[in-house]
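In: This is the structure alone, sequence omitted:
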């Protein structure tokens, strides 16, 4: 089967929807993991599993085709995501609530749009900007109605969450460019390995200083933790990285960024189905705003359509 069929934008949309679904359900497994390990160890073990899964093809002869000249541009990108994104998020959540973090993180599509405009020269139409803001408003409305308040919030925690959001936006813009220059599997592998090295180095140094290095892998004795790591490491880290890179290679960064809000809806649905959470009117209102925003921001392809029209005229 020819791989050219995957050039169609619809496969990119399928990829980003699957990505948002996996990420949206990951909170269930994060909760399970945090019952047996702290946030930093959870991140380290998560990327250990991801790196092991990503390295499995090496046993069957696959080799990354990353060239030395690709590394200077790729390493900073991989540092934005996963290293800085998850690090800022993990430490920020220690002093902020999930609702407060959710509101701040809702700004990712806005920052992505700005980064894409500056770095990629992708100009968003007024309608796309308005629909993106509508989607952001849906997320903010849900969390605000759940009782989020910044009155007593820790400023340092909010700053770290904001830096996490900025890291995600910088990654979205950078990956949009690099994913068209570097094979997706190779790019995903490098990102995963950097996450593995960064988080394990931090965790091991901390355990060493505390004299608890012998307990580092103890959480894996918990079956629920091991299952959570399998989901978070393989699906929610490795697979989502590949899906995100694939979508960014086909779609404008701002279009991909707004789909982050779909994860909020999946998280709510997961809470209802698996945790017995109740749906309230504000969930439905916020969900409607999010869906309308996503559909509106992606309903047209102004840049692609314009270029195709110009090429047809020139031909």
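Out: Sure, I can see it. Just so you know, these numbers come straight off a predicted model, no measurement behind them. Numbers count the residues shown, from 1 in each chain.
In: quick one: residue 29 from residue 119, how far?
Out: According to Cβ to Cβ, to the nearest Å, residue 29 and residue 119 sit 33 Å apart. For glycine as for every other residue, the C-beta is placed from the backbone atoms N, C-alpha and C.
In: Between those two, tell me which one has more neighbours.
Out: Regarding residue 29 and residue 119, a neighbour count based on other Cβ atoms under 10 Å identifies residue 29 as having more, with 22 against 15.
In: out of everything not next to it in sequence, what's closest to that one?
Out: Nearest residue to residue 29, sequence neighbours excluded (Cβ to Cβ, 6 or more residues apart in numbering): residue 228, at 4.1 Å.
In: Which stretches in the stretch 101-250 of the chain count as helices?
Out: 108-115, 126-145, 155-178, 184-210, 223-230, 240-250 (DSSP state H, counting those that start in this stretch).
In: Can you give me the buried ones in the longest one?
Out: Right, the one you point to is helix 184-210. Across helix 184-210, burial judged by 16 or more other Cβ atoms under 10 Å covers 184, 186-196, 198-200, 202-203, 206-207.
In: how about the closest residue in space to residue 185 that isn't next to it in sequence, what does it touch?
Out: In space, residue 185 comes closest to residue 242 once its chain neighbours are excluded; the distance is 7.2 Å by Cβ to Cβ, 6+ apart. For residue 242, the contacting residues are 184-185, 188, by Cβ atoms under 8 Å, 6 or more residues apart in numbering.
In: What spatial separation is found between residue 31 and residue 271?
Out: Counting by Cβ to Cβ - residue 31 and residue 271 are separated by 10 Å.
In: Settle it for me: which of these two has more neighbours?
Out: residue 271 (18 against 11).
In: Quickly find the element holding that one.
Out: Assessed by DSSP states H and E, residue 271 sits inside helix 260-275.
In: for the record, mean pLDDT for that helix?
Out: Helix 260-275 shows a mean pLDDT of 88.
In: Would you quantify the distance from residue 293 to residue 218?
Out: From residue 293 across to residue 218, the span is 44 Å (Cβ to Cβ).
In: likewise residue 294?
Out: Residue 294 is 42 Å from residue 218, by Cβ to Cβ.
In: Which one of those two is surrounded by more residues?
Out: Neighbour count, other Cβ under 10 Å: between residue 294 and residue 218, residue 294 has more, with 26 against 13.
In: quick one: contacts for the more buried one?
Out: 131, 135, 258-259, 261-262.
In: Buried ones among those?
Out: Among the contacts of residue 294, the ones that count as buried (16+ other Cβ under 10 Å) are 131, 135, 258-259, 261-262.
In: quick one: which of these is nearest residue 88?
Out: Of all these, residue 261 has the smallest distance to residue 88: 19.5 Å, by Cβ to Cβ.
In: surely the closest one meets residue 105?
Out: No. In this structure residue 261 lies outside contact range of residue 105 using Cβ atoms under 8 Å: 9.7 Å.
In: Out of the helices of the stretch 101-250 of the chain, which gets nearest to residue 57?
Out: Per Cβ to Cβ, nearest to residue 57 of the helices of the stretch 101-250 of the chain: helix 184-210, 8.1 Å.
In: Show the average pLDDT along that closest one.
Out: pLDDT averaged over helix 184-210 gives 93.
In: same for that helix, what does it pack against?
Out: With contacts taken as 3 or more Cβ pairs under 8 Å, 6 or more residues apart in numbering; DSSP states H and E, helix 184-210 sits against helix 39-55, helix 71-78, helix 85-92, helix 240-250.
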